[in-house]
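In: Need a 3D model of the following:
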Amino acid sequence: MNNDLQFNKNEDSMKLAIAQMNFKLDKIHEGGGKKKIEKQHSKGKLTARERIDYLVDNPEDIFEIGAFAGDGMYEEHGGCPAGGVIVVLAKVKGRPCIIVANDATVKAGAWFPITGKKNLRAQEIAMENQLPIIYLVDSAGVYLPMQDEIFPDKEHFGRMFRNNAVMSSKGIVQIAAIMGSCVAGGAYLPIMSDEALIVEGTGSIFLAGPYLVKAAIGETVDKETLGGASTQSEISGVTDYKMPDDQTCLDTIKSLMDKIGEPANAGFSRVKSILPAKSPDTITGILPDSRAKPYKMEELLECLVDEGSMTFYKKDYGKSILTVYARIDGWAVGIVANDRQVVRSKKGEMQFGGVIYSDSADKAARFIMNCNQKKIPLVFLHDVTGFMVGKRSEHGGIIKDGAKMVSAVSNSTVPKFSIIVGNSYGAGNYAMCGKAYDPRLIVAWPSAKIAVMGGSQAAKVLAQIQLSSMKAKGEEVSDEKQQELISSIEAKYNKQTTPYYAAARLWVDAIIDPRETRSIISKGIEAANQAPVEKFNVGVIQT
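Out: Purely as a prediction, here's the structure:
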């Protein structure tokens, strides 16, 4: 009865979190608002999301990347929903591809700093998986009030054009449709693509618009004459196809995609999919309503993997990490997952769930190398507070064993997918393939927390530093003031550990409904299977 009660509490907590997430997504999907959408329609233009829905084979099968980009940022500039650009992984004519569509309802599609970061992430995914990338361009260019944060650095605006050239040299197909404004440096993106389409009446492309031309050389010229569809298709030859409207343009892209040759795929093992032993719906009741409560990660796996497919590697050794061969939607995977139970080690010592011990790190490193040897994609399920600390751990070589695991993750060449289920703290984030370790996709559940350490621990550490400084200056600090200080630091820190804070900054690609995890991993592996896998090389640290 108690178990049923706890299951229901967990379920209520998670479903409420999912509802809150969906409410935020609904607002984000409105872009710049209904009036801006109506303005798009009055010009005969589809919105960015409408264009994507029309282009893809099945709008229900889209995986959106970076929907929460910019969330809570740039409020003094009026906000930037979804970073002002929509990025999705979807199929066009049966071929997995990346689609990037500027949202002209958000500051006329102008580029904020997070817009640039999101576009670079889209290109990174396309390059890693050798996926065709389709750009639906409708942008006023760099958001000038923040030009110093988007223009000159290595990971800024110009990097996209460098990536255009690199992708072209690697044979990765790039198709660009100019469906609105395309100005200044942004004009290079579609023209550095393999093929460019332009829509009559609404599409225009030039290095400098009429106002800048007038200011720079004193010439008076209208937008259409300067860089409209007829000019760029019939006179300059800059674009390859002149289209009468959005729909015809998108239909032509479908036709082009339909004729692309087959990729030299990776050859990952896939068999007929079998449903999990437990329904994915059960996830909502298994994960505790508090990150401090223990649970069995194996029960979550039973909701994600094909029934009967799990083979545990070193099951009774290094128990704080589970290493499992399994199948997800028929795809062979190697799973590295933090277990949250309190267990006894091989020496009879207590081990706390969510902590990485020396034996766990050693086991995980060996398993990761095995998966690379067998060409099996890796799936990491994070609920980790970090590596074990203290005299016993240091004497046992926790740093070296941790380094082995981090090195194995770093040098792994098979595709890696990270799911942040709960905590992802400190070096545990690194060892479990956080964003810095090139996961092909990294997603978070609404229950995720990402930080150097937990809020209460961080607050106590920071408070002690501040209190010591205050006392050194001769200030008297009452117990009440100490608690106030700790509470204020903890509140700020907890805000920064939320999945929304992480997703806004693209530390994760998406916040997802946990029940969709299996489907998203399958989509990710299908995309990754489009590209051959490089040979895995063992580094010195791993020997």
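In: Which neighbouring elements make contact with the longest helix seen in the chain?
Out: Longest helix in the chain, counting residues (DSSP state H): helix 2-29. On a contact count with 3 or more C-beta pairs under 8 Å, 6 or more residues apart in numbering; DSSP states H and E, helix 2-29 meets helix 283-286. Glycine gets a C-beta too; all of them are placed from N, C-alpha and C.
In: got the contact list for Thr497?
Out: Lys449, Ile450, Ala451, Gly454, Gly455 (C-beta atoms under 8 Å, 6 or more residues apart in numbering).
In: What subset of the residues you listed is buried?
Out: Among those, those buried by neighbour count (16 or more other C-beta atoms under 10 Å) are Lys449, Ile450, Ala451, Gly454, Gly455.
In: which SS state does the residue of the chain most remote from its centre fall under?
Out: Distance from the C-alpha centroid of the chain peaks at Gly474, with 48.1 Å (C-alpha atoms, centre = their mean). The three-state label given to Gly474 by DSSP: H, G, I helix; E, B strand; the rest coil is coil.
In: how about stretch 492-509: buried residues?
Out: 493-494, 497-509.
In: Spit out the contact partners of Gly353.
Out: Per C-beta under 8 Å, 6+ apart, neighbours of Gly353: Pro294, Ser320, Asn338, Asp339, Arg340, Gln341, Val342, Val343.
In: can you tell me which helix or strand it belongs to?
Out: Under DSSP states H and E, no helix or strand contains Gly353.
In: what about it, distance to Gly66?
Out: Remark: distance between Gly353 and Gly66 (C-beta to C-beta, to the nearest Å) = 32 Å.
In: following the helix or strand where Leu301 lies, which helix or strand shows up next?
Out: Taking DSSP H and E as the definition, one finds Leu301 inside helix 297-304. Counting by DSSP H and E, the next helix or strand C-terminal to helix 297-304 is strand 311-312.
In: Let's test this: mean pLDDT of that following strand, rounded?
Out: Per-residue pLDDT over strand 311-312 has a mean of 98.
In: now stretch 235-245
Out: 96.
In: how would you label the residue lying closest to Gln20 once chain neighbours are set aside: helix, strand or coil?
Out: Of all residues not flanking Gln20 in the chain, Pro446 sits nearest, at 7.3 Å (C-beta to C-beta, 6 or more residues apart in numbering). Secondary structure, three-state DSSP: Pro446 is coil.
In: now Leu322
Out: strand.
In: How far does the helix holding Leu301 sit from its chain's centre?
Out: Put simply, helix 297-304 sits 23 Å off its chain's centre (C-alpha atoms, centre = their mean, to the nearest Å).
In: before we move on, what about stretch 90-104?
Out: Worked out by C-alpha atoms, centre = their mean, stretch 90-104 lies 16 Å from the chain centre.
In: cool, and stretch 422-438?
Out: With C-alpha atoms, centre = their mean, you get 14 Å for stretch 422-438.
In: Quick one: neighbours of Pro532, just the number.
Out: 11 (other C-beta atoms under 10 Å).
In: Tell me the spacing between it and Cys371.
Out: From Pro532 to Cys371 the distance is 16 Å (C-beta to C-beta).
In: the helices in the stretch 351-500 of the chain, which residues?
Out: 358-374, 391-395, 398-411, 426-431, 455-472, 479-496, 499-504 (DSSP state H, counting those that start in this stretch).
In: Next, format the ones you listed as CSV and append mean pLDDT and distance to Ala177.
Out: Shown next, in CSV, are the helices of the stretch 351-500 of the chain (pLDDT from 0 to 100; distance: least, C-beta to C-beta, whole Å):
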stretch, mean pLDDT, distance to Ala177
helix 358-374, 95, 39
helix 391-395, 80, 56
helix 398-411, 93, 38
helix 426-431, 94, 38
helix 455-472, 74, 46
helix 479-496, 80, 38
helix 499-504, 97, 28
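In: could you redo these as CSV and give each row distance to Glu219?
Out: Output for the helices of the stretch 351-500 of the chain, formatted as CSV (distance: least, C-beta to C-beta, whole Å):
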stretch, distance to Glu219
helix 358-374, 60
helix 391-395, 72
helix 398-411, 54
helix 426-431, 55
helix 455-472, 59
helix 479-496, 51
helix 499-504, 43
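In: Leu136 is nearest to which of those?
Out: helix 499-504 (22.6 Å; C-beta to C-beta).
In: The closest one packs against which elements?
Out: strand 441-444, strand 449-451, strand 510-511.
In: These: lowest mean pLDDT?
Out: Among the helices and strands packed on helix 499-504, strand 449-451 scores lowest, at a mean of 92.
In: Mind listing residues that contact that strand?
Out: Counting by C-beta under 8 Å, 6+ apart, 291, 420, 422-425, 429, 434, 444, 458, 493, 496-499, 502, 507-508 sit against strand 449-451.
In: List the strands paired with it, with their directions.
Out: Within its sheet, and counting by DSSP bridges, strand 449-451 is paired with strand 416-425 (parallel).
In: Compute the inter-axis angle for the strand it pairs with and helix 398-411.
Out: An angle of 150 degrees separates the directions of strand 416-425 and helix 398-411 when computed by axes from the mean of the first three to the mean of the last three C-alpha atoms, to 10 degrees.
In: Please write out the alpha-carbon positions of strand 416-425 in CSV.
Out: Extracted in CSV, the C-alpha atoms of strand 416-425 (Å, rounded to 0.1, in the frame of the first residue of the first chain):
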residue,chain,number,x,y,z
LYS,A,416,26.8,8.8,-27.6
PHE,A,417,23.4,9.9,-26.3
SER,A,418,22.9,11.5,-22.9
ILE,A,419,19.6,11.5,-20.9
ILE,A,420,19.7,13.7,-17.8
VAL,A,421,17.2,11.9,-15.6
GLY,A,422,18.0,13.6,-12.2
ASN,A,423,21.2,15.1,-10.9
SER,A,424,24.2,15.8,-13.1
TYR,A,425,26.7,17.3,-10.8
